[in-house]
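**Student:** No sequence on hand, only this structure:
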Ligand code: CA
């Protein structure tokens with residue numbers, strides 16, 4: 001007989017997010033058995049797993065089930081108070097239209113500036129700041145990935161130890177570059193993504209490119225003259241494009257290519273090794289927010305704490321991005337209302353409409369987003385998931401919107417339109433220029449990126465205890481009542497400054513857990 005996990009001997013606890021809510025979620029580790037007396041007075045009729053919903057009143061068939069004060073679905077049958085409200089009892093509400101939305105109506109009050117916070121970063125010639133000092137090897141096409149990886153192992157073993165001020169060497173491997181409809185309008189997305197990733201502030205403007213020779217994505221198309229990083233900002237002098245072409249007749253045999261890549265890498269490593277950290281204002285942080293492996297606690301603990309931290313960052317003058325289009329789609333009315341101007345709201349609607357059409361071409365809609373793990377964690381559908389997801393964006397006015405793969409040029413809170421896929425969202429935020437990544441998870445994911453530190457925030461203490469050497473912050477203390485959203489938000493803010501400065505490493509950095517870059521290519525392949 002399979003055993004249900006033991007329920008910890010603590011008083012039953014539930015979390016209700018809004019006074020209008022007619023459901024609450026069970027907070028206790030391991031869930032609660034039938035017969036438990038809830039703080040709100042109901043007796044549980046079913047065993048309810050942790051993070052799952054319980055009806056606080058009798059719900060008639062067709063009644064709206066309210067969480068965060070809004071309908072997350074309608075009851076498919078009569079549900080008695082004290083019953084488990086799982087996804088099979090809920091009908092998904094239709095997606096809200098993109099017409100007649102409130103456009104910049106909320107006008108959030110300007111947040112008080114937060115001064116005096118700094119970190120130690122690597123200032124680049126273009127004014128951007130890196131949090132790590134990394135040599136990146138850009139590749140025009142997947143064909144060169146194996147050769148580059150071979151060279152990378154030798155660079156790490158033979159060269160990197162000679163350059164102690166360089167943190168790492170990273171190969172920017174990807175699946176694009178040839179066999180694709182490169183002139184299709186949507187091909188601009190993967191191409192600008194690759195270009196802008198190689199210009200990420202953590203790479204110090206040292207571009208080295210490996211090309212095959214015959215590929216569609218030629219080096220000059222990937223990095224046209226006008227996009228090259230500056231050596232001297234005052235004189236406007238840019239670096240020449242440093243390309244090594246494997247089909248160059250000068251290379252006779254494999255080792256000739258490898259030796260040439262090592263010579264090329266040594267030059268860049270010498271320059272990167274001369275860089276030192278300097279004190280810069282917290283406004284130089286470019287923080288990408290996302291979530292993955294979400295559960296019903298994501299919107300109760302971790303995401304609200306990240307939202308509080310996001311407001312602190314905006315107050316400090318930093319750049320913050322939130323993303324994941326299918327996870328904000330159902331909260332669109334809250335977001336367009338919070339836009340700083342009708343134009344910003346309109347751009348957000350345009351990005352949503354483009355994504356709706358993209359999903360429609362594949363004959364799916366936003367309900368394709370939720371995973372079996374989301375549902376096991378108590379999230380019944382995409383509406384419930386979205387409402388918990390957008391809390392990450394805090395309360396500041398949304399002042400910018402960025403298309404997928406574009407480079408961020410503004411401070412403040414920006415909606416960076418990306419798919420919700422963890423790897424694609426991270427890749428696109430990297431292209432936007434993020435120098436720190438904050439990632440919340442309830443089910444648990446060991447996600448990490450080679451190019452930028454990833455700070456992972458657990459939604460539940462049980463996960464934080466079990467994955468004690470993978471999770472950087474435990475927001476589960478909020479559900480336990482031992483810390484407030486503000487406490488965890490400030491803890492995260494201070495940790496961001498420490499990690500940005502290199503004083504602390506994230507667990508993903510410690511174990512070198514690196515997920516692959518995954519491009520968003522909405523264009524056809526050939
Ligand atoms: Ca995600």
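**Tutor:** Great, that's in hand. Note that the structure is a prediction, hence the values are computed from the model and not measured.

**Student:** and the end-to-end length of stretch 268-277?
**Tutor:** End-to-end span of stretch 268-277 (C-alpha to C-alpha, to the nearest Å): 18 Å.

**Student:** need the contact list for the closest residue to residue 471 other than its chain neighbours.
**Tutor:** Among residues not flanking residue 471 along the chain, residue 458 sits closest, at 4.2 Å (C-beta to C-beta, 6 or more residues apart in numbering). Every residue, glycine included, has its C-beta placed from N, CA and C. Residue 458 makes contact with 302, 440, 441, 442, 444, 464, 467, 471, 473, 474, 475, 476, according to C-beta atoms under 8 Å, 6 or more residues apart in numbering.

**Student:** quick one: secondary structure of the nearest residue to residue 331 once chain neighbours are set aside?
**Tutor:** Nearest non-adjacent residue to residue 331, counting by C-beta to C-beta, 6+ apart: residue 390, 4.1 Å away. Here residue 390 is recorded as helix under DSSP: H, G, I helix; E, B strand; the rest coil.

**Student:** so how far is residue 373 from residue 390?
**Tutor:** 20 Å (C-beta to C-beta, to the nearest Å).

**Student:** Have a look at the two and say which one is more surrounded.
**Tutor:** More crowded of residue 390 and residue 373, by other C-beta atoms under 10 Å: residue 390, with 25 against 16.

**Student:** For that one, give its distance to residue 328.
**Tutor:** Using C-beta to C-beta, we find residue 390 at a distance of 5 Å from residue 328.

**Student:** between the two, what contacts are shared?
**Tutor:** Listed contacts common to residue 390 and residue 328 are 322, 335; contacts here mean C-beta under 8 Å, 6+ apart.

**Student:** quick revisit: using a markdown table, please lay out the contacts of residue 458 together with pLDDT, distance to residue 180 and neighbour count.
**Tutor:** Formatted as a markdown table, these follow (pLDDT from 0 to 100; distance: C-beta to C-beta, whole Å; neighbours: other C-beta atoms under 10 Å):
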| residue | pLDDT | distance to residue 180 | neighbour count |
| --- | --- | --- | --- |
| 302 | 97 | 37 | 36 |
| 440 | 97 | 33 | 32 |
| 441 | 96 | 32 | 27 |
| 442 | 94 | 36 | 34 |
| 444 | 95 | 35 | 22 |
| 464 | 97 | 42 | 21 |
| 467 | 98 | 38 | 17 |
| 471 | 98 | 38 | 24 |
| 473 | 98 | 39 | 22 |
| 474 | 98 | 43 | 24 |
| 475 | 98 | 41 | 32 |
| 476 | 96 | 44 | 27 |
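
**Student:** Can you pick out the ones from these that are in helices?
**Tutor:** With DSSP state H as the criterion, helices contain 302, 464, 476 from among those.

**Student:** How about the second one: what's its closest non-neighbour residue?
**Tutor:** For residue 464, the nearest residue in space outside its immediate sequence neighbours is residue 474; the separation is 3.6 Å by C-beta to C-beta, 6+ apart.

**Student:** Verify the contact between that neighbour and residue 459 for me.
**Tutor:** No: with contact defined as C-beta atoms under 8 Å, residue 474 does not count as touching residue 459 (9.0 Å).

**Student:** which is the next helix or strand following the one helix or strand in the chain whose mean pLDDT sits lowest?
**Tutor:** Least confident element among the helices and strands of the chain, by mean pLDDT, DSSP states H and E: strand 230-232 (a mean of 74). Following strand 230-232 in sequence order, the next helix or strand is strand 237-238 (DSSP states H and E).

**Student:** And for that next one, what's in contact with it?
**Tutor:** 225, 228, 229, 230, 231.

**Student:** give me that answer again for 6 Å
**Tutor:** Outside of strand 237-238, the residues within contact range by C-beta atoms under 6 Å, 6 or more residues apart in numbering are 228, 230, 231.

**Student:** Who are the packing partners of the least confident helix or strand of the chain?
**Tutor:** The contact analysis (3 or more C-beta pairs under 6 Å, 6 or more residues apart in numbering; DSSP states H and E) places strand 230-232 against no helix or strand.

**Student:** And the residue of the stretch 201-350 of the chain closest to the ion?
**Tutor:** Closest to the ion within the stretch 201-350 of the chain is residue 292: 4.1 Å, counting by C-beta to the ion.

**Student:** Get me the contact residues on this protein for the ion.
**Tutor:** Residues of the chain found near the ion (C-beta under 5 Å from the ion) are 290, 292, 420, 422.

**Student:** Pretty sure the third one sits in a helix.
**Tutor:** Just to be clear, that refers to residue 420. No: counting by three-state DSSP, residue 420 is not found in a helix; it is coil.

**Student:** Check the secondary structure at the residue most central in space within the chain for me.
**Tutor:** With distances taken as C-alpha atoms, centre = their mean, the residue of the chain nearest its centroid is residue 290 (2.9 Å). What three-state DSSP gives for residue 290 is strand.

**Student:** What segments of the stretch 51-200 of the chain are strands?
**Tutor:** Secondary structure of the stretch 51-200 of the chain (DSSP state E, counting those that start in this stretch): strands at 53-55, 64-67, 70-75, 84-85, 90-91, 118-123, 129-130, 134-139, 168-172.

**Student:** mind checking which of those strands is nearest residue 402?
**Tutor:** Minimum separation from residue 402 across these (C-beta to C-beta) falls at strand 129-130, 18.9 Å.
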